[in-house]
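K.L.:
Curious how this folds, go ahead:
(one chain, ligands or ions: 1)
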Amino acid sequence: MKRILIVGSTGQIGSELSTRLRSIYGASNVICGYYTPPYPDGFFEAGPTMEINALHIEQIAEAVSRQGVDTIYNLVAILSATAEKHPKLGWDVGTGSLMNCLDVAREYGCAVFTPSSIGAFGPDTPKDDTPQDTIQRPNTIYGITKVLGELVSDYYFHRWGVDTRSVRFPGIISSVTPPGGGTTDYAVDIFYKAVLGEEFVCPIAAGTFMDMMYMPDALDAAIAIMEADPARLVHRNSFNVASMSFDPEMICAEIRKHIPDFRMRYEVDPLKQHIADSWPNRLDDSCARDEWGWQPSFDIARTTADMIGKLKVKLG
Ligand code: SER
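P.N.:
A predicted model of the protein is given here:
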């Protein structure tokens, strides 16, 4: 049985990971740290919550000691495009939350999951079948904090035995809580527009491929890596995981199979395009498959059908 603290539990991933973790480990064993509104529907009724500013280490330490926490999911981040507009904020939040979680974990003997990202790669990284171990010279502040996170998490493991593990998430597609300020967000926004019957103005150019993943697979990855047999792990921070790669034309065509009159036009955002151009087209995730049995369930067709079904209900 685990006692889990989620720091940053109200965001795109946290709002769904908390529900999944509570269904596995019991509602009372998952403590949701919150700071920034809006809060998901029923957030304060679903299980224990604590106000935690991830930049205040004493608040994390108090939650861990008072609640007897043994596993921390640190989901606090400023996503790539916002971080480019506010680099100091991106750096402070990305590195501050990470170091605070690691130091508390070291003191109280917790395991730590901090997601890395396709953003941990840069323009010099091989773009196709990007290997697990390869060149990582990102040119965004978000990516730099993610590489730092990978390195320092491995450092805490090797130096002090802190059980740190992580995956490099692609763009995550989901219907519960929208992401904000990411380069891959277009792949979520496009579904909202399609279901609302509105035209989608795409900020990413045709022909720009990025890895994407549907939320249920992302949750599986975040839980499976923390449950993995440590004896089998050659890597720790952080594993490539992949399930689909597409460009705007492909996802638009897939949506049109369900909503034939869906309209999309391009107004490329130079900042987001610059970031997208620096990221891989598709990761090779064979190490995750070999070392802990990673296996996604949702391809582009299944994701599209499920997203449209869920958003039709949500948006009435
Ligand atoms: N979804 C993130 C972003 O676009 C990448 O991890 O910033």
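
K.L.:
measure stretch 176-185 end to end?
P.N.:
End-to-end span of stretch 176-185 (Cα to Cα, to the nearest Å): 14 Å.

K.L.:
and it with the ligand, contact?
P.N.:
Yes: against the ligand, stretch 176-185 shows contacts by Cβ under 6 Å from any ligand atom at Gly182, Thr183, Thr184. Just so you know, the C-beta spots here come from the backbone N, C-alpha and C atoms, and that holds for glycine as well.

K.L.:
Ranking by neighbours, what's the top pick from the residues you listed?
P.N.:
The residue in those with the most neighbours, by other Cβ atoms under 10 Å, is Thr183 (30 neighbours).

K.L.:
On the three-state scheme, that residue is what?
P.N.:
Here Thr183 is recorded as coil under DSSP: H, G, I helix; E, B strand; the rest coil.

K.L.:
and the residue in the stretch 101-250 of the chain positioned nearest to the ligand, what does it touch?
P.N.:
Scanning the stretch 101-250 of the chain for the residue nearest the ligand gives Gly182, at 2.8 Å (criterion: Cβ to the nearest ligand atom). Going by Cβ atoms under 8 Å, 6 or more residues apart in numbering, Gly182 touches Leu79, Ser80, Ala81, Thr82, Gly171.

K.L.:
Gly182 versus Glu198, what's the distance?
P.N.:
21 Å (Cβ to Cβ, to the nearest Å).

K.L.:
related to what we said a few turns ago, filter the contacts of Gly182 by proximity to the ligand?
P.N.:
Within the contacts of Gly182, those near the ligand by Cβ under 6 Å from any ligand atom are Leu79, Ser80, Gly171.

K.L.:
The second one: how many residues sit nearby?
P.N.:
Translated: Ser80. So Ser80, with other Cβ under 10 Å, has 29 neighbours.

K.L.:
ok, it to Gly33 distance?
P.N.:
Going from Ser80 to Gly33 by Cβ to Cβ gives 23 Å.
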